[in-house]
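Novice: Model the following, please.
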Amino acid sequence: MNIKGKILEVKDTAQVTETFKKREFVVEYADNPQYPEFVKFELIQDRCDLLNDFKVGQEVEVHFNLRGRKWTDPQGEVKYFNSLQAWRIDSVSSAVPDQGGDPGATEEPAWLNTGDGDDDDLPF
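Specialist: Next up is the predicted model:
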């Protein structure tokens, strides 16, 4: 999933446990400019550094996964939590026309790359 919007707020990286860290940020998303949405995302572990080159007010495209958790509290009540885990952030620049751009910016993750596409190793 992905959305385009303006960075509204960036939090510092928080060390949640000895082995887990996360960083939150808020994007103003205006599918309908009259009613903007304020969407909070989180980056986890090594992805926390993705925000280092971005500033509040900058237009970005955020690629993310929707995560859901189920938890039973000590009183036995079941609760559900959702999170939006960002895994890539791209700058959106309307001032500079696309001149071919950086081909690496649209590459698939390496684990999806199955070769150059010329060899077909399917058994049929």
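
Novice: What sits closest to L50 if chain neighbours are left out?
Specialist: Nearest non-adjacent residue to L50, counting by C-beta to C-beta, 6 or more residues apart in numbering: I89, 5.2 Å away. Backbone N, C-alpha and C define where each C-beta goes, glycine included.

Novice: Report the contact partners of V39.
Specialist: I3, G5, V26, V27, E28, Y29, L84 (C-beta atoms under 8 Å, 6 or more residues apart in numbering).

Novice: which one of those residues is nearest F54?
Specialist: Nearest to F54 out of these is V27 (C-beta to C-beta; 10.4 Å).

Novice: Okay, and the residue nearest the centre of the chain sits in which element?
Specialist: Ranked by distance to the mean C-alpha position of the chain (C-alpha atoms, centre = their mean), the top residue is A86 at 2.0 Å. If you go by DSSP states H and E, A86 is part of strand 78-91.

Novice: which residues are in contact with that strand?
Specialist: 25, 39-44, 47, 50-51, 54, 58-73, 105.

Novice: related to what we said a few turns ago, how about the contacts of V39 in a markdown table, adding neighbour count?
Specialist: Compiled in a markdown table, the contacts of V39 are given as follows (neighbours: other C-beta atoms under 10 Å):
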| residue | neighbour count |
| --- | --- |
| I3 | 17 |
| G5 | 20 |
| V26 | 17 |
| V27 | 26 |
| E28 | 15 |
| Y29 | 16 |
| L84 | 17 |
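
Novice: Which pair in these has the greatest spatial separation?
Specialist: E28 and L84 (14.3 Å).

Novice: Show me the shaky parts of the chain.
Specialist: Flagging of the chain using pLDDT under 70 yields the residue ranges 94-124.

Novice: what are the ranges of the strands in it?
Specialist: 2-10, 14-17, 20-29, 37-44, 59-72, 78-91 (DSSP state E).

Novice: most packed of these?
Specialist: strand 20-29 (a mean of 18; mean count of other C-beta atoms under 10 Å).

Novice: Tell me which residues are up against it.
Specialist: Contacts of strand 20-29 (C-beta under 8 Å, 6+ apart): 3-16, 36-45, 48, 51, 60, 62, 86.
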